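Participant: mind folding the following:
(2 chains)
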Amino acid sequence: NAGVTQTPKFQVLKTGQSMTLQCAQDMNHEYMSWYRQDPGMGLRLIHYSVGAGITDQGEVPNGYNVSRSTTEDFPLRLLSAAPSQTSVYFCASSYLTTGELFFGEGSRLTVL
Amino acid sequence: GENVEQHPSTLSVQEGDSAVIKCTYSDSASNYFPWYKQELGKGPQLIIDIRSNVGEKKDQRIAVTLNKTAKHFSLHITETQPEDSAVYFCAASRQGTYKYIFGTGTRLKVLA
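Facilitator: Numbers count the residues shown, from 1 in each chain, chains lettered A, B, ... in the order given. Below is the predicted model of the structure:
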């Protein structure tokens, strides 16, 4: 049972490049979300989804896109990377009824 | 917007002593309050949670208390052990919104 799987674990980008962070879960969770973790700022919600075809914005959505075509996958797209997007990104999922978030191990992104 | 303040940002205790971490939330409609533990290089993991219809919940050495009037909740760890060393995050959420607002984290060090 893999849980929440994020790829890649590490990535270095140049300003202006685009990339996609992948997230997959095998627990049949309806809810999936993306957070970024920055020193001294905790975890901030970027985007979330309560089911296939449904997405919504969190606290810090600017510069990021998401889509949810299947229950299992929730990719996060950076359209034109900026140094301010240097961070550790976490994907998390849960059942809608329980609230307990299951996190992936994170993806460390550096934008030069 | 909604906000969760967490204190202290760092906490050092001797092994066997107790540790207390405090959080204050701003949204009076919040009704779900989880605590997550994050070990180095890992994603956060739920350790205990409480809902607004109870004032206290215990699980072995860990307890959480909630004061709805003061909009304040706390994590208590008794008989601390070196493996309790980690970063702890509190969070608050309102049922049906699927948005979790996290505190900024507390780095707990248990000194042997």
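Participant: quick one: A:Met19 from A:Val60, how far?
Facilitator: Distance, A:Met19 to A:Val60, by C-beta to C-beta, to the nearest Å: 18 Å. Backbone N, C-alpha and C define where each C-beta goes, glycine included.
Participant: between the two, which one's more packed in?
Facilitator: Just comparing A:Met19 and A:Val60: by other C-beta atoms under 10 Å in any protein chain shown the higher neighbour count belongs to A:Val60, 18 against 14.
Participant: excluding chain neighbours, what is closest to the more buried one?
Facilitator: A:Arg44 (5.0 Å; C-beta to C-beta, 6 or more residues apart in numbering or on different chains).
Participant: for beta bridges, what are the partners of that neighbour?
Facilitator: A:Arg36 (DSSP bridges).
Participant: same check, this time on A:Thr110
Facilitator: Assigned bridge partners for A:Thr110, using DSSP bridges, are A:Val12.
Participant: for it, list the residues it contacts.
Facilitator: Counting by C-beta atoms under 8 Å, 6 or more residues apart in numbering or on different chains, A:Thr110 touches A:11-13, A:86.
Participant: and those residues, which is closest to chain B?
Facilitator: A:Gln11 (16.1 Å; C-beta to the nearest C-beta).
Participant: tell me, what's the model's pLDDT at the residue of chain B found nearest chain A?
Facilitator: Closest approach between chain B and chain A, counting by C-beta to the nearest C-beta: B:Gly43, at 3.1 Å. On the pLDDT scale, B:Gly43 is placed at 95.
Participant: tell me the secondary structure for it?
Facilitator: coil (DSSP: H, G, I helix; E, B strand; the rest coil).
Participant: how many neighbours does it have?
Facilitator: If you count neighbours by other C-beta under 10 Å, B:Gly43 ends up with 23.
Participant: excluding chain neighbours, what is closest to it?
Facilitator: Spatial nearest neighbour of B:Gly43, chain neighbours left out: A:Phe103 (3.1 Å); criterion: C-beta to C-beta, 6+ apart.
Participant: circling back: for the residue nearest to A:Val60, give me its contacts.
Facilitator: A:35-38, A:58-60, B:102.
Participant: same check, this time on A:Met19
Facilitator: A:Met19 makes contact with A:11, A:13, A:77-78, A:81, A:109, according to C-beta under 8 Å, 6+ apart.
Participant: how much space between the closest residue to A:Leu78 other than its chain neighbours and chain B?
Facilitator: Once flanking residues are discounted, A:Leu78 sits nearest to A:Met19: 5.5 Å by C-beta to C-beta, 6+ apart. As judged by C-beta to the nearest C-beta, to the nearest Å, A:Met19 and chain B stand 20 Å apart.
Participant: let's see the pLDDT reported for A:Met19.
Facilitator: 96.
Participant: need phi/psi at the residue of chain B closest to chain A.
Facilitator: phi -80, psi 160 (degrees, to the nearest 10).
Participant: what do you get for A:Met27?
Facilitator: Taking degrees, to the nearest 10 as the convention, A:Met27 sits at phi -110, psi 10.
Participant: just checking, A:Tyr95 touches A:Glu30?
Facilitator: Yes - contact criterion C-beta atoms under 8 Å: A:Tyr95 and A:Glu30 qualify, at 6.4 Å.
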